[in-house]
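let me see the structure of the following:
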Amino acid sequence: MTGVLHSAGRGVLLVGASGLAREVLAAGAIGVVGIVDDDPRLHGALIDGVPVTGDIASAVDRVEKLLLCIGPSTSRRAVGDRLRLAGVGDDRFASFVAGSGRIGRSSRIGAGAIVLDGTVVTADARIGAHAVVMPNCVITHDDVLEEYATLAAGVVLGGAVTVGAAAFVGMNASVAPGRRVGSGATVGMGAVVLGDVPDGQTWAGVPARSLHAAVGASAGAGAGAGAAIPAGRAS
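Numbering: from 1, shown residues only. The predicted structure is shown next:
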């Protein structure tokens, strides 16, 4: 099944010769004419039959649409920022929805967003620019994925959830309705998020808790135990 690659008929360059690029190709993207990557060892190679034509900077003056296929949110944002500083505007970016992805008619997909197979987006959701949604995710009513957010495979978001800019939600994690995963935050695989995750923090577990807090508590307990050792006694 072919995916819908919104490119205005101009052809598309994938930015990054990555696993994500191969997933986009495997999901049936049509109109891809090349891949650009900063690793010179890949230049001239074929990735699933598509040539790696040069470095990322070479894409700036070409006419094709671009699709950022770089997995980690922070790395993807760094490349997006480079291209923006080089004069590449939002109108240069394609978006991609795999053929078996279902997007509700009142939901919106931003420039550069990628939605892979089996994902369901229901009503009035917004997928921000350059967000990536891996296979079999469920994004329900009024959810917001801010720019460069990433949902790994199998994530389920309750209604009115916000996933902040460049945040990452791990495989098979769930987020309760109305919660926020902060910008740059990470949610571990299989976590059940019942509260708001602050910006930049890492939460994991069922229910999910801050790993920063757990590490701090452990360190504090260790310090207290050390202070309780009687003088002159080896530990």
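
can I see the domain layout of the chain?
If the domains of the chain are taken from automatic domain parsing, they occupy 4-95, 100-209, with pieces of a single domain joined by a plus sign.

the chain: helices as residue ranges?
Taking DSSP state H as the criterion, the chain carries its helices at 19-26, 73-85, 211-227.

ok, back up a step: can I get the domains of the chain in TSV including mean neighbour count and mean pLDDT?
Every residue, glycine included, has its C-beta placed from N, CA and C. Compiled in TSV, the domains of the chain are given as follows (neighbours: other C-beta atoms under 10 Å; pLDDT from 0 to 100):
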stretch	mean neighbour count	mean pLDDT
domain 4-95	17	94
domain 100-209	21	98
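
so who does the residue lying closest to residue 88 once chain neighbours are set aside touch?
Of all residues beyond its chain neighbours, the one nearest residue 88 is residue 60 (6.0 Å), with distances taken as C-beta to C-beta, 6 or more residues apart in numbering. Remark: with contacts taken as C-beta atoms under 8 Å, 6 or more residues apart in numbering, residue 60 is in contact with 83, 86-88.

closest one of those to residue 158?
residue 83 (33.9 Å; C-beta to C-beta).

residue 113 versus that closest one, what's the distance?
16 Å (C-beta to C-beta, to the nearest Å).

same question, residue 30
Look at residue 30 and residue 113: by C-beta to C-beta, they are 18 Å apart.

my read is that residue 55 contacts residue 42, right?
No. In this structure, residue 55 sits apart from residue 42 without contact. The criterion is C-beta atoms under 8 Å, and the distance is 9.7 Å.

in this protein, which residue is closest to the centre?
Nearest to the geometric centre of the chain sits residue 150, at 2.0 Å (C-alpha atoms, centre = their mean).

contacting residues around the closest residue to residue 21 other than its chain neighbours?
The shortest distance from residue 21 to any non-neighbouring residue, by C-beta to C-beta, 6+ apart, is to residue 69 (3.8 Å). With C-beta under 8 Å, 6+ apart as the criterion, the residues that contact residue 69 are 14-16, 18, 20-21, 24, 35, 114.

what do you get for residue 83?
When contacts are counted by C-beta under 8 Å, 6+ apart, residue 83 is found next to 15, 56, 59-60, 66, 92.

next, format those as JSON lines and append distance to residue 199.
Putting these into JSON lines (distance: C-beta to C-beta, whole Å) gives the following:
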{"residue": "15", "distance to residue 199": "26"}
{"residue": "56", "distance to residue 199": "28"}
{"residue": "59", "distance to residue 199": "31"}
{"residue": "60", "distance to residue 199": "31"}
{"residue": "66", "distance to residue 199": "28"}
{"residue": "92", "distance to residue 199": "29"}
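
what's the most distant pair in the residues you listed?
Spatially, the most separated pair among the contacts of residue 83 is 56 and 92, at 12.9 Å (C-beta to C-beta).
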